[in-house]
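Trainee: Need a 3D model of the following:
(one chain, ligands or ions: 1)
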Amino acid sequence: MDARYHVEITRQALAGRMDEIGLQVIVRANLRQDRLATLLGHPEIHFDASAFAAGEAYIAEQRRLALSALIDREDRLAALMAFGRLLHGRQDFYAHSNWAALWVEAHGGLERCGPEQIEPCLNPLAVKGLISGAGSALHFLACRVPLYGRWHRRHLTPADDHEIMNLDHPGRGPLFPFAMAAAVKHSRLELEILLSQLVQADGNSVLRHFSSRSS
Ligand SMILES: [Zn+2]
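Mentor: Residues are numbered from 1 along each chain as shown. Predicted coordinates for the structure are as follows:
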């Protein structure tokens with residue numbers, strides 16, 4: 001997903017639930033996941049290459065880090081950063097997988113359903129036919145060579161490559177708004193999950209500490 005849409009999804013999902021400083025930390029940590037060091041060779045961070053089990057494990061680990069930062073050390077900054085990293089993967093899942101395509105197909109096609117109706121994917125491991133694109137530096141670069149790139153995309157790029165499958169921006173077609181809407185819903189759900197685990201672990205004082213600096 002392109003950076004501006006990670007920002008848009010995150011802000012929309014957390015509107016009214018997080019103070020501005022917290023939001024900025026979360027957004028920065030989210031966007032940092034697309035730096036070179038965590039972009040190449042880390043399909044679990046971006047839900048690439050159908051690495052669904054590894055992607056879920058990464059998200060669970062970031063959630064655990066957020067909880068322990070708050071509960072053990074009252075380190076709000078570390079908790080917000082872990083949550084931002086977690087949201088990046090959650091949002092990339094919808095841009096990199098065929099979840100939106102499968103969901104639209106199962107609901108009668110584009111004429112019969114709207115983006116606002118799409119459901120989040122709660123367990124990618126249980127969805128038949130679900131795949132996500134493999135990232136390849138070779139195809140990424142080749143598809144961007146002037147004149148040649150279009151031919152390479154059409155004839156030499158595998159159907160399950162990120163270049164063919166991604167819903168990273170509106171130019172990728174009518175499924176993009178479905179990916180956005182599902183990513184917003186699931187990001188909101190991730191906040192609910194984290195907050196409920198915080199309450200379970202340590203009551204409302206830690207909960208307030210996470211969502212707002214002033215209380
Ligand atoms: Zn990414």
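
Trainee: Now for the closest residue to the ion within the chain: which residues touch it?
Mentor: Proximity of the chain to the ion (C-beta to the ion) peaks at His46, 3.8 Å away. Quick note: C-beta positions are derived from backbone N, CA and C, even for glycine. Taking C-beta atoms under 8 Å, 6 or more residues apart in numbering, we find His46 in contact with 33-34, 39, 55, 88-89, 92, 96, 135.

Trainee: Check which residues of stretch 113-121 are buried.
Mentor: Judged by neighbour count using 16 or more other C-beta atoms under 10 Å, the buried positions of stretch 113-121 are 113, 115, 118, 120-121.

Trainee: circling back to that earlier point, filter the contacts of His46 down to the buried ones.
Mentor: Buried members of the contacts of His46, counted by 16+ other C-beta under 10 Å: 33-34, 55, 88-89, 92, 96, 135.

Trainee: ok, now which ones touch the spatially most central residue of the chain?
Mentor: What sits nearest the mean C-alpha location of the chain, by C-alpha atoms, centre = their mean, is Gln91, with 1.7 Å. Residues in contact with Gln91 (C-beta under 8 Å, 6+ apart) are 1, 5-6, 9-10, 30, 183, 186-187.

Trainee: did I read that right, it in a strand?
Mentor: No: with DSSP: H, G, I helix; E, B strand; the rest coil as the criterion, Gln91 is helix rather than part of a strand.

Trainee: mind checking pLDDT for it?
Mentor: With respect to pLDDT, Gln91 scores 98.

Trainee: what's the offset of the lengthiest helix in the chain from the middle of its chain?
Mentor: If you go by DSSP state H, the chain has its longest helix at helix 176-202. Mean-position distance between helix 176-202 and its chain equals 11 Å (C-alpha atoms, centre = their mean, to the nearest Å).

Trainee: If you count neighbours, what's buried in that helix?
Mentor: So for helix 176-202, counting by 16+ other C-beta under 10 Å, buried means 176-188, 190-191, 194-195, 197-198.

Trainee: just to revisit the earlier point, nearest residue to the residue nearest to the centre of the chain in space, please, no chain neighbours.
Mentor: Ala183 (4.3 Å; C-beta to C-beta, 6 or more residues apart in numbering).

Trainee: quick one, what contacts that neighbour?
Mentor: Taking C-beta under 8 Å, 6+ apart, one finds 1, 9, 13, 90-91, 93-95 in contact with Ala183.

Trainee: Any part of the longest helix of the chain near the ion?
Mentor: No: Helix 176-202 stays clear of the ion (C-beta under 5 Å from the ion), getting no nearer than 11.8 Å.

Trainee: taking the mean pLDDT, what do you get for that helix?
Mentor: 95.
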